[in-house]
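1. Following is a predicted model, sequence given first.
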Amino acid sequence: MALDADQPLFVISVAAEIAEMHPQTLRQYDRLGLVKPSRAPGRARRYSQRDIEKLQQIQVLSQQGVSLEGIRRILQLENQVAALQARIAELSGELEEARERAEESTRIFAAGAGGDVVRMARGSRPRRRQVSQAVVLYRPPFR
């Protein structure tokens, strides 16, 4: 059974140990809105695996000299990018469905040699054996 990365499992002391931080640092990041752990009854913080990964990312950025406000903005932009990528995937799926519906609604048919109906692709010509010869009722003479 696989664990859900968003399942709040870890109390603050365990999360701090896994992220190699002091519990007070986690409280500060919670106050600043950098990481928003779930709350258990009694208001105790519960951290998920995803929260711990975010804490580790914050720690790396902080060690690289990025300010906490800069880190907050980076995390905000990453969330925005993820949301936009999800929207692109959703719209791509809708576009593909619309193309399929449009293709189905613009079918072209011809009469087959035996009087049956033959489906043709748009822009294609029927093969001779597929379509019966047409009878020319009137042909104007060439001059």
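-> Nice, thanks for sending it over.
2. tell me the centre residue of the chain?
-> In the chain, the residue lying closest to the centroid (C-alpha atoms, centre = their mean) is Ala86, at 3.0 Å.
3. So it belongs to a helix, correct?
-> Yes. Judged by DSSP: H, G, I helix; E, B strand; the rest coil, Ala86 forms part of a helix.
4. State the distance from it to Gly93.
-> From Ala86 over to Gly93 the distance is 11 Å, taken as C-beta to C-beta, to the nearest Å. Glycine gets a C-beta too; all of them are placed from N, C-alpha and C.
5. Could you do Ser62 as well?
-> Taking C-beta to C-beta, one finds Ser62 at 38 Å from Gly93.
6. Those two: which has the busier surroundings?
-> Ser62 (16 against 10; other C-beta atoms under 10 Å).
7. these two touch, right, the more buried one and Glu69?
-> No. Using C-beta atoms under 8 Å, Ser62 is not in contact with Glu69, being 11.6 Å away.
8. partners of the helix or strand of the chain with the lowest mean pLDDT, with directions?
-> Least confident helix or strand, the chain: strand 108-111 with a mean of 71, by mean pLDDT, DSSP states H and E. Each strand paired with strand 108-111, and its direction, by DSSP bridges: strand 117-120 (antiparallel).
9. Return the distance of the partner strand from the chain's centre.
-> Here strand 117-120 is found 37 Å from its chain centre; the criterion is C-alpha atoms, centre = their mean, to the nearest Å.
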